[in-house]
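# my questions concern the predicted model and sequence given below.
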Amino acid sequence: MTKLLSLITPLYNTPINYLEQIKEQLMLYSDRIEWVLVNDSPFNQKLINYVERLKDHEFIKVHTNKKNLGIYKSYVAGYEIASGDYCGILDHDDHIDLKEVLVYLDRSSDYDLLYTNEYKFDDEKKFDYYHKPELDLLSTAFYFYTHHITLMRTEIVRRVIKERQLGKYSSIFDICLMLDYIHEFRGSEIKVAHIDWFSYGWRVHQNSTAMSIDQKPAAHMERIIKIEEFFKEFGETPIVSIDKDIQYLVCSEFFSGNDLYKIPPLTENKEIIKRWFESLSNNKKISWLGSQPITFEQMSEILDVARRLPFKYLREYTTLPIFIVDKNCYKHFESDPSYQKHLPNVPFILQRDINSEIKMLNGMMINPNEDKNILKANLIFIK
């Protein structure tokens with residue numbers, strides 16, 4: 001019988017007590033899930049003996065590499081034998097609570113991506129609870145806030161792994177998998193569920209990457225290269241860097257606004273910018289909602305946001321207008337939970353009704369499909 005969910009756990013010299021804790025947590029759901037263990041410690045006899053005994057549990061699958069292959073190839077081996085409709089990564093030293101996850105999976109099989117909240121813990125307590133924002137396809141390209149536990153359709157994951165070279169980004173495999181998974185929905189809607197429940201616990205100990213993002217220095221360069229590669233597939237030509245204050249946040253500048261909508265680059269030439277804003281009333285694709293901007297600072301602020309947006313990429317994933325407002329309008333949304341949960345210096349989307357909330361805002365509306373009957377818009381923010 002096909003299981004709803006497969007959880008894949010690579011093992012490398014894993015302490016037995018960690019696996020015992022996870023096993024007890026998963027036993028509660030053994031009739032609906034499978035736990036796929038990939039042992040990458042073929043020289044560790046104690047661990048081999050333990051995982052062999054786990055085979056007595058029908059919901060546990062075990063694969064042992066003949067030699068140490070590394071975490072990426074261990075993930076691949078796990079995905080190859082996973083049989084669940086959905087799959088996710090469960091680290092070998094962490095905790096899991098699937099109660100609310102299975103409620104969602106029982107409710108519908110239409111989700112393409114599900115993710116939960118998470119927390120950190122050590123030997124004494126749980127701490128650093130992370131209430132994640134609602135996923136949008138803009139901000140998720142700049143920082144990987146879905147983390148664990150993230151569930152994807154197994155058949156699509158297998159296709160991504162087979163067709164794309166994820167192995168060359170081994171230190172950020174989960175980030176690459178997320179980006180390439182999103183790419184599979186290019187031109188169609190991806191149905192996402194954010195499960196507002198703390199299903200995943202991230203163990204913090206001396207050897208854990210939870211201690212510091214800098215324990216993976218190679219990941220910074222791989223992030224830059226991968227993001228460039230990702231956006232180039234959509235015709236973008238980004239300039240990519242790592243945020244100087246937040247090491248897991250990618251910053252990018254784009255040029256497709258000029259290609260598609262003749263949005264001028266940010267410049268100190270006030271006359272060029274003012275003439276362009278005055279022309280918006282005659283532009284079928286771009287208009288100004290509300291009172292026209294009255295200061296050069298407001299105009300520059302809108303252009304500064306525009307150069308942070310990958311318009312060619314967004315056009316592939318949404319038919320809604322893009323509404324860029326200046327920071328004077330942000331006060332209307334500062335109490336919004338999704339607004340509060342996002343990091344500063346990252347562009348993100350809040351989808352809103354045009355006729356109610358948007359009528360009180362001023363900003364530049366870009367409608368890539370020129371459909372005058374659209375009732376919602378994507379509001380773009382950078383805190």
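On my side now, so go ahead. Numbers count the residues shown, from 1 in each chain.
# in contact with H95, which residues?
Counting by Cβ atoms under 8 Å, 6 or more residues apart in numbering, H95 makes contact with Q21, I22, Q25, F121, Y200, G201, R203. (Glycine included, C-beta is placed from N, CA and C.)
# from those, which is closest to L361?
Relative to L361, the closest of the contacts of H95 is Y200; by Cβ to Cβ it sits at 36.2 Å.
# just the CA trace of the helix or strand harbouring the closest one, in PDB.
Assigned by DSSP states H and E, Y200 belongs to strand 192-203. Presented in PDB, the C-alpha positions along strand 192-203 are these (Å, rounded to 0.1, in the frame of the first residue of the first chain):
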ATOM      1  CA  VAL A 192       1.200  25.700  -1.400                       C
ATOM      2  CA  ALA A 193       0.100  25.000   2.200                       C
ATOM      3  CA  HIS A 194       1.900  26.700   5.100                       C
ATOM      4  CA  ILE A 195       1.100  24.500   8.200                       C
ATOM      5  CA  ASP A 196       1.100  27.000  11.100                       C
ATOM      6  CA  TRP A 197       2.400  24.400  13.500                       C
ATOM      7  CA  PHE A 198       5.800  23.600  15.000                       C
ATOM      8  CA  SER A 199       6.300  20.200  13.500                       C
ATOM      9  CA  TYR A 200      10.100  20.400  13.200                       C
ATOM     10  CA  GLY A 201      12.700  20.700  15.900                       C
ATOM     11  CA  TRP A 202      16.300  21.600  14.900                       C
ATOM     12  CA  ARG A 203      18.800  20.200  17.300                       C
END
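# tell me what it is packed against?
strand 95-96, helix 99-107, strand 113-121 (3 or more Cβ pairs under 8 Å, 6 or more residues apart in numbering; DSSP states H and E).
# of those, which is nearest G187?
Nearest to G187, of those and by Cβ to Cβ, is strand 113-121 at 16.5 Å.
# what mean pLDDT does that closest one have?
Taken as a whole, strand 113-121 has an average pLDDT of 96.
# and after that strand, which helix or strand comes next?
strand 126-130.
# strands paired with that following strand, and their directions?
With DSSP bridges as the test, strand 126-130 is paired with strand 113-121 (antiparallel).
# and the partner strand, how far from the chain's centre?
12 Å (Cα atoms, centre = their mean, to the nearest Å).
# stretch 193-210 too?
The chain centroid and the centroid of stretch 193-210 are separated by 15 Å under Cα atoms, centre = their mean.
# so what touches it?
Taking Cβ under 8 Å, 6+ apart as the rule, stretch 193-210 contacts 18, 91, 93-101, 104, 111, 113-122, 126, 129, 131-135, 147-149, 211, 215-216.
# same list, the helices and strands packed on strand 192-203, but as a markdown table with distance to T295 please.
Shown next, in a markdown table, are the helices and strands packed on strand 192-203 (distance: least, Cβ to Cβ, whole Å):
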| stretch | distance to T295 |
| --- | --- |
| strand 95-96 | 52 |
| helix 99-107 | 47 |
| strand 113-121 | 41 |
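# and of these, who's closest to I8?
strand 95-96 (12.2 Å).
# the closest one: how far from the chain's middle?
Averaging C-alpha positions (Cα atoms, centre = their mean) puts strand 95-96 20 Å from its chain's average.
# what about that strand, average pLDDT?
96.
# L361 versus the residue nearest the centre of the chain, what's the distance?
Central residue of the chain (Cα atoms, centre = their mean): T140, 3.8 Å from the mean position. T140 sits at a distance of 24 Å from L361 (criterion: Cβ to Cβ, to the nearest Å).
# what do you get for I149?
In terms of Cβ to Cβ, I149 sits 36 Å off from L361.
# ok, the two, which is more surrounded?
Using other Cβ atoms under 10 Å, the more surrounded residue of I149 and L361 is I149, with 25 against 20.
# sorry, back to before: name the member of the contacts of H95 with the most neighbours.
The most neighbours of any of the contacts of H95, using other Cβ under 10 Å, belong to Y200, which has 24 neighbours.
# what helix or strand is L320 located in?
Short version, using DSSP H and E: L320 is in no helix or strand.
# how many other residues sit next to it?
21.
# helices of the stretch 1-150 of the chain, start to end?
Under the criterion DSSP state H, counting those that start in this stretch, the stretch 1-150 of the chain contains helices at 16-27, 45-54, 71-81, 99-107.
# between those helices, which gets nearest to L375?
That would be helix 99-107 among the helices of the stretch 1-150 of the chain, by Cβ to Cβ, at 26.5 Å.
# got the buried residues for the closest one?
V101, L102, Y104, L105 (16 or more other Cβ atoms under 10 Å).
# circling back: the residue nearest to the centre of the chain reaches I182, doesn't it?
Yes - in terms of Cβ atoms under 8 Å, T140 counts as a neighbour of I182; the distance is 7.2 Å.
# tell me the residue furthest from the middle of this structure?
Outermost residue of the chain (Cα atoms, centre = their mean): E271, 39.8 Å.
# now the end-to-end length of stretch 29-38.
20 Å (Cα to Cα, to the nearest Å).
# F234: which of the helices of the stretch 1-150 of the chain is closest?
Using Cβ to Cβ, the nearest of the helices of the stretch 1-150 of the chain to F234 is helix 71-81, at 25.3 Å.
# run through the helices of the stretch 251-383 of the chain in chain order.
Going by DSSP H, counting those that start in this stretch, the stretch 251-383 of the chain shows helices at 256-261, 270-278, 296-306, 311-317, 337-341.
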